[in-house]
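Novice: Structural data only, the sequence is not supplied:
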């Protein structure tokens, strides 16, 4: 009888040791790893001419979005930042890139603010033209592209599939480049797996007419920022001011800081590039 009790106690003791070991092992494995903080890029958006002075300013940033028609290969090599080429996807900007000339039979509307025609992005000839531009800028030495005027989809929903097709083509042919869009919030759910960032133009301020800046809807900005972050996309806040440190500048900077996103403030047509720390002036 005593032997039986002793054997039973020993069995219970061994079971408790094994159970404790399993519990500790599983608990240890279940602990979440320490999250790695993603550092948002210090970025610039500049569509003006490139020269040696501008290059020095651009080299203060880690990402630069620039007009590829304003830079040559030699100048591009002097820019240390990650170089992202501006490509107008939704409007006819007459950019001379690649072997193809812009098709003329694809216009479907007119953007009075920027004096440009809106195009049918689903048109095969327009898609070939954009693909040619992408191929050209990557061969020039750009590490990414940013498609502008994607938000024409809000006015012309039938171009939705055309936008998705071009972005899918770009990702398929250049799987390692950085791809971004300017606004186009209604499409993000469909393309979030194919892009890296969203340039959020009108972040706190907007251009209402040439040279005229005013405040934008902050509640909308906050709402959309949260949505974009839920797709694990980098959000780059772009706003406008008349000069560094004015009320428009401070509005953009404080709003972006409160939402935890990187910001860049430029003049109304992004033809002047400003350092983003007022202490640098």
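Specialist: Arrived safely, thanks for sending. If you're wondering where the values come from, they're calculated on a predicted model, not measured in any experiment.
Novice: Could you list the low-confidence segments of this structure?
Specialist: Per-residue confidence of the chain (counting by pLDDT under 70) places the weak regions at 1-39.
Novice: can you do 50?
Specialist: With pLDDT under 50 as the threshold, the chain has low-confidence stretches at 1-38.
Novice: just so I have it, where are all the strands in it?
Specialist: Using DSSP state E, the strands of the chain run over 43-46, 63-66, 82-88, 91-92, 107-111, 116-119, 144-148, 178-182, 197-201, 205-209, 212-215, 234-240, 262-266.
Novice: got the contact list for the first one?
Specialist: By CB atoms under 8 Å, 6 or more residues apart in numbering, the surrounding residues in contact with strand 43-46 are 54, 57-58, 60-67, 81, 199, 236, 238, 262, 264, 266, 270-271, 273, 276. Where you see a C-beta, it was placed from the backbone N, CA and C, and this is true even at glycine.
Novice: what pairs with it, and is each one parallel or antiparallel?
Specialist: Strand pairing for strand 43-46, determined by DSSP bridges: strand 63-66 (parallel).
Novice: coming back round to it: make a markdown table from the strands of the chain and add distance to residue 248 and mean neighbour count to it.
Specialist: Formatted as a markdown table, the entries for the strands of the chain read as follows, by distance: least, CB to CB, whole Å; neighbours: other CB atoms under 10 Å:
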| stretch | distance to residue 248 | mean neighbour count |
| --- | --- | --- |
| strand 43-46 | 16 | 24 |
| strand 63-66 | 20 | 26 |
| strand 82-88 | 22 | 23 |
| strand 91-92 | 25 | 20 |
| strand 107-111 | 22 | 15 |
| strand 116-119 | 24 | 20 |
| strand 144-148 | 21 | 24 |
| strand 178-182 | 19 | 22 |
| strand 197-201 | 14 | 24 |
| strand 205-209 | 5 | 18 |
| strand 212-215 | 5 | 14 |
| strand 234-240 | 6 | 25 |
| strand 262-266 | 8 | 24 |
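Novice: and the ones you listed as TSV, adding distance to residue 154?
Specialist: Listed next are the strands of the chain as TSV, based on distance: least, CB to CB, whole Å:
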stretch	distance to residue 154
strand 43-46	21
strand 63-66	22
strand 82-88	16
strand 91-92	14
strand 107-111	12
strand 116-119	11
strand 144-148	14
strand 178-182	13
strand 197-201	13
strand 205-209	15
strand 212-215	20
strand 234-240	18
strand 262-266	23
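Novice: closest to residue 224 out of those?
Specialist: With CB to CB as the criterion, residue 224 lies closest to strand 197-201 of those, at 7.1 Å.
Novice: List the residues that contact the closest residue in space to residue 213 that isn't next to it in sequence.
Specialist: The spatially closest residue to residue 213, leaving aside those adjacent along the chain, is residue 240, at 4.8 Å (CB to CB, 6 or more residues apart in numbering). Contacts for residue 240 (CB under 8 Å, 6+ apart) come out as 205, 206, 207, 213, 248, 252, 265, 266, 267, 268.
Novice: Likewise for residue 171?
Specialist: Residues in contact with residue 171 (CB under 8 Å, 6+ apart) are 179, 194, 195.
Novice: any idea how far it lies from residue 203?
Specialist: To residue 203, residue 171 is 26 Å away according to CB to CB, to the nearest Å.
Novice: Alright, that wraps it up for me.
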